[in-house]
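Trainee: show me the folded form of this:
(one chain, ligands or ions: 4)
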Amino acid sequence: MVNSRIAEIFEEIADMLELDTVDRKFEVLAYRKAAQTIQDLQEPVEDIYARGGLEALQELPGIGKSTSQHIEEYIKTGRIGKYDELKKRFPIDFNTLTKIPGLGAKKAARLYKELKVKDLGSLKKAIEEHRIMKLEGFGERSEEVILKGIQQYESSSGRMLLGRALPEAERIVKSIKGSGLVHEAVIGGSTRRRKETVGDLDILLTSGKPERVMDFISGMREVESVVLMGPTKTTVRLKIGLNCDVRVVDDESFGAALQYFTGNKEHNVKLREIAIGKGYKLNEYGLFDKKGRNVSKDGEEDIYKKLGMDCMPPEMRENRGEVELAIKHKLPKLIELDEIRGDLHTHTTASDGSYSIMEMADAAKKLGREYIGISDHSKSEYVAHGMDDRRFVKHLAAIDKANDSAEGIRILKGAEIDILKDGSLDLSSKTMDMMDYTLASIHTSLTMPKEEMTRRIVRAFDSGHVSIWAHPTDRLINAREPINFDFDKVFEAAERNGVVMEIDGFPDRLDLSDENIFRARKHKLKFCIDTDSHSIDHLSFMRYGIGVARRGWLEKGDVINTMGCKELLSFLKR
Ligand code: DGT
Ligand code: CA
Ligand code: CA
Ligand code: ZN
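Mentor: Ligands and ions are numbered 1, 2, ... in the order given. Got it, this is the predicted structure:
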């Protein structure tokens, strides 16, 4: 997709500008901001340009005169001159190298200058030959760190964040439906189960004209090439760097095929065994009785019913005990997106967000939210313009003022407060007491040993000033490992102090993860599903948070932001 490519180019321009001998910090920041905006757009940037030209582009946050001209240039010519020029000076594969944990643009550039390392291959060779540890300021330890980073990069690459894969799958399904050639078009596989990363997309269709459908698909603008083309099964390579399997089945096989292409393999195997035990045969074409008749033509629920169980939501189909519960008719009633009434983790221009308090509130209202909590950073997040006590007091007054003039939405006073290295919090109690609630989170010293990290977190909770623990493990999917701490000790401290566990819906975070939600559920803990929005476009990330929560089997009653505002405020006051 053009959006991702332009965002990538802007990021790389920023990487290269950072290497310049003169300080170009502001330009660098401008390109990074522009990259973020383009990446977050909900529609193709070509469409915005087609509608309103350069002016429309410049209305986007962080897009200025020169970045809008670059976008125009890219749309018209497929190139950006400035990028090509810089690339001549730095022929380095930044896109890959900077994704390796432990290796930023600056280090990559030094490795190029001194060792002619320009891509992953030459980097591995330099490590093998121990040439990096001989460089000044690198040493044996950084060679190890880079090596570990490469391993992490290689084991994770190939799986795409759900936050990128799902919108792409939805666009594809929409245009397939628009072709008029299909009866049904649905997303299956891990995307339908809302797994945090996706290996490939699986799309299931029913149609009387399978060959014409396959032709249509190979010509779609999202498609880069055809990997494999058959009359009922096609695999295409998408421009965003993901494969997509498309299968066409007959109408009467639809339910069985959807069942087959949704549950993970272990779930499906278990179901097939149960089918055999009941004298059936289950495969992607149907549920067949002893006489070979397809007895399930009424969708996937019917298959589960005929096998003697309730049909569970796709997010549960991972063979984690759901089949056993379904047989006993004891499935939980999972939380739904429309039960969410507010969002408690959002940033504004007061720290590192792109929009004002009022703009965020208006956007949240449009999504049907009844309240929005503003939670900007505290002072030790200085790169994010975090605020000290003095600035916070003014900022809280600004929230009050915005709240007075806001209609149809309540704006709550919060903060995202750093848990410092020793476990103390980054704001005074007096300032925290002026807020409706606080988020606390860790952003620094992430590699502390387990015991020390556990003490740090427990001490923060025991202060009695933490309402919600934000993005608890601090992992970034495919990019940064989670912090190391004793789950049981920390969850016990949370229980003791009434600290709520956040499920951060930001696609790179999804933190707590589904597995950690399972761990947390062994304790008496409540959860809060947030978006960690830095822009109005991020407010819709709530659905990813809901996906994880459902994969962790959470119900409405487990999640505090399903409460109405009044009830929530009295809950947070305890
Ligand atoms: P992914 O693509 O790695 O993120 O994960 P999935 O779950 O989408 O896996 P994928 O694309 O290999 O397969 C799509 C669906 O097909 C998946 O939901 C399970 C099903 N499936 C794949 N292989 C088998 C198999 O050997 N037996 C059975 N019963 N089902 C399978
Ligand atoms: Ca798949
Ligand atoms: Ca597949
Ligand atoms: Zn944070």
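Trainee: the residue nearest to residue 420 when sequence neighbours are not counted and residue 415: what is the separation?
Mentor: Distances taken as C-beta to C-beta, 6 or more residues apart in numbering place residue 426 nearest to residue 420, at 5.9 Å, with adjacent residues excluded. Placement of C-beta: from N, CA and C, glycine included. Look at residue 426 and residue 415: by C-beta to C-beta, to the nearest Å, they are 9 Å apart.
Trainee: burial count for the residue nearest to residue 420?
Mentor: 22 (other C-beta atoms under 10 Å).
Trainee: low-confidence ranges in the stretch 151-300 of the chain?
Mentor: Residue ranges of the stretch 151-300 of the chain with pLDDT under 70: 155-157.
Trainee: end to end, how far does stretch 195-204 reach?
Mentor: 18 Å (C-alpha to C-alpha, to the nearest Å).
Trainee: same question, stretch 261-269
Mentor: With C-alpha to C-alpha, one end of stretch 261-269 sits 12 Å from the other.
Trainee: pull out the buried residues from that stretch.
Mentor: Residues of stretch 261-269 classed as buried by neighbour count (16 or more other C-beta atoms under 10 Å): 261-263, 267-268.
Trainee: check whether that stretch comes near ligand 3.
Mentor: No - judged by C-beta under 5 Å from the ion, stretch 261-269 stays clear of ligand 3, getting no closer than 7.9 Å.
Trainee: ok, is that stretch in contact with ligand 2 or not?
Mentor: No - counting by C-beta under 5 Å from the ion, ligand 2 has no neighbours in stretch 261-269; the shortest distance is 8.3 Å.
Trainee: anything in that stretch near ligand 1?
Mentor: Yes - Stretch 261-269 reaches ligand 1 (C-beta under 6 Å from any ligand atom) through 261-265, 268-269.
Trainee: on the three-state scheme, residue 553 is what?
Mentor: coil (DSSP: H, G, I helix; E, B strand; the rest coil).
Trainee: residues touching it, list them.
Mentor: 316, 332, 334, 517-518, 521 (C-beta atoms under 8 Å, 6 or more residues apart in numbering).
Trainee: likewise for residue 498?
Mentor: Taking C-beta under 8 Å, 6+ apart as the test, what residue 498 contacts is residue 574.
Trainee: from ligand 1, how far off is it?
Mentor: 37 Å (C-beta to the nearest ligand atom, to the nearest Å).
Trainee: now the phi/psi pair for that residue, please.
Mentor: Residue 498 adopts backbone torsions of phi 60, psi 30, taken as degrees, to the nearest 10.
Trainee: pLDDT wise, what is it at?
Mentor: Note for residue 498: predicted pLDDT of 97.
Trainee: can you name the residue of the stretch 201-350 of the chain nearest ligand 2?
Mentor: Closest residue of the stretch 201-350 of the chain to ligand 2, C-beta to the ion: residue 202 (4.5 Å).
Trainee: which stretch of helix or strand covers that residue?
Mentor: strand 200-206 (DSSP states H and E).
Trainee: and residue 432, by the same measure?
Mentor: helix 429-433.
Trainee: distance between the helix or strand following that helix and the chain's centre?
Mentor: On the C-terminal side of helix 429-433, the closest following helix or strand by DSSP H and E is strand 439-441. A distance of 19 Å separates the centroid of the chain from that of strand 439-441, by C-alpha atoms, centre = their mean, to the nearest Å.
Trainee: need the contact partners of strand 439-441.
Mentor: With C-beta under 8 Å, 6+ apart, strand 439-441 has contacts from 344-345, 375, 414-419, 425, 460, 465-472, 474, 502.
Trainee: and if we set it to 10 Å?
Mentor: Contacts to strand 439-441, defined as C-beta atoms under 10 Å, 6 or more residues apart in numbering, come from residues 344-345, 373, 375, 377-378, 381, 414-419, 425-427, 432, 457, 460-461, 463, 465-472, 474, 499-500, 502, 504, 511, 528, 530, 532.
Trainee: contact partners for residue 392?
Mentor: 350, 376, 378-379, 386, 413, 415, 417, 427-428, 431-432, 434-435.
Trainee: what subset of those is buried?
Mentor: Using 16+ other C-beta under 10 Å, the buried ones in the contacts of residue 392 are 350, 376, 378-379, 386, 413, 415, 417, 427, 431-432, 435.
Trainee: next, count neighbours for the residue of the stretch 201-350 of the chain closest to ligand 2.
Mentor: By other C-beta under 10 Å, neighbour count at residue 202 equals 22.
Trainee: against residue 187, how distant is it?
Mentor: Residue 202 is 7 Å from residue 187, by C-beta to C-beta.
Trainee: can you count the residues close to the residue in the stretch 101-250 of the chain positioned nearest to ligand 2?
Mentor: Taking C-beta to the ion as the measure, the point where the stretch 101-250 of the chain comes nearest ligand 2 is residue 189, at 3.3 Å. By the criterion of other C-beta under 10 Å, residue 189 has 23 neighbours.
Trainee: look up how far ligand 3 lies from it.
Mentor: Note on residue 189: its distance to ligand 3, by C-beta to the ion, to the nearest Å, is 6 Å.
Trainee: hang on, the earlier thing: of the contacts of residue 553, select the buried ones using a ChimeraX command.
Mentor: Provided next is the ChimeraX selection string for whichever of the contacts of residue 553 are buried by 16+ other C-beta under 10 Å:
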select :316,334,517,521
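Trainee: in JSON lines, list the contacts of residue 553 along with secondary structure.
Mentor: Putting the contacts of residue 553 into JSON lines (three-state DSSP) gives the following:
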{"residue": "316", "secondary structure": "helix"}
{"residue": "332", "secondary structure": "coil"}
{"residue": "334", "secondary structure": "strand"}
{"residue": "517", "secondary structure": "helix"}
{"residue": "518", "secondary structure": "helix"}
{"residue": "521", "secondary structure": "coil"}
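Trainee: which parts of the chain sit against ligand 2?
Mentor: So far as C-beta under 5 Å from the ion goes, the chain lies against ligand 2 at 189-190, 200, 202.
Trainee: which of the residues you listed sits closest to residue 311?
Mentor: residue 189 (17.7 Å; C-beta to C-beta).
Trainee: and the closest one, what is it in contact with?
Mentor: Residue 189 neighbours (C-beta under 10 Å, 6+ apart): 165, 169, 195, 198-204, 244-245, 261-264, 314.
Trainee: residue 230 too?
Mentor: Residue 230 touches 210-211, 214, 247-248, counting by C-beta under 10 Å, 6+ apart.
Trainee: need the residues of stretch 261-269 next to ligand 1 in a markdown table (columns: secondary structure).
Mentor: As requested, the residues of stretch 261-269 next to ligand 1 are exported to a markdown table (three-state DSSP):
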| residue | secondary structure |
| --- | --- |
| 261 | coil |
| 262 | coil |
| 263 | coil |
| 264 | coil |
| 265 | helix |
| 268 | helix |
| 269 | helix |
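Trainee: which intervals of the protein have sub-threshold pLDDT?
Mentor: Residues of the chain that meet the criterion pLDDT under 70 lie in 1, 155-157.
Trainee: residues of stretch 203-211 that come out buried?
Mentor: Buried residues in stretch 203-211 (16+ other C-beta under 10 Å): 203-207, 210.
Trainee: closest to residue 404 out of these?
Mentor: residue 203 (48.8 Å).
Trainee: please name the nearest non-neighbouring residue to that closest one.
Mentor: residue 246 (4.8 Å).
Trainee: and what of residue 475?
Mentor: residue 482 (3.8 Å).
Trainee: ok, now residue 450?
Mentor: Spatially, and ignoring its direct neighbours in sequence, residue 450 is nearest to residue 484 (4.5 Å; C-beta to C-beta, 6+ apart).
Trainee: just to be sure, residue 14 is in a strand?
Mentor: No - read with three-state DSSP, residue 14 is helix and lies in no strand.
Trainee: burial check on it, number of neighbours?
Mentor: Using other C-beta under 10 Å as the criterion, the residues surrounding residue 14 number 21.
Trainee: my guess is it contacts residue 82. True?
Mentor: No - using C-beta atoms under 10 Å, residue 14 is not in contact with residue 82; the gap is 11.6 Å.
Trainee: shared neighbours, those two?
Mentor: In contact with both residue 14 and residue 82: residue 31, using C-beta under 10 Å, 6+ apart.
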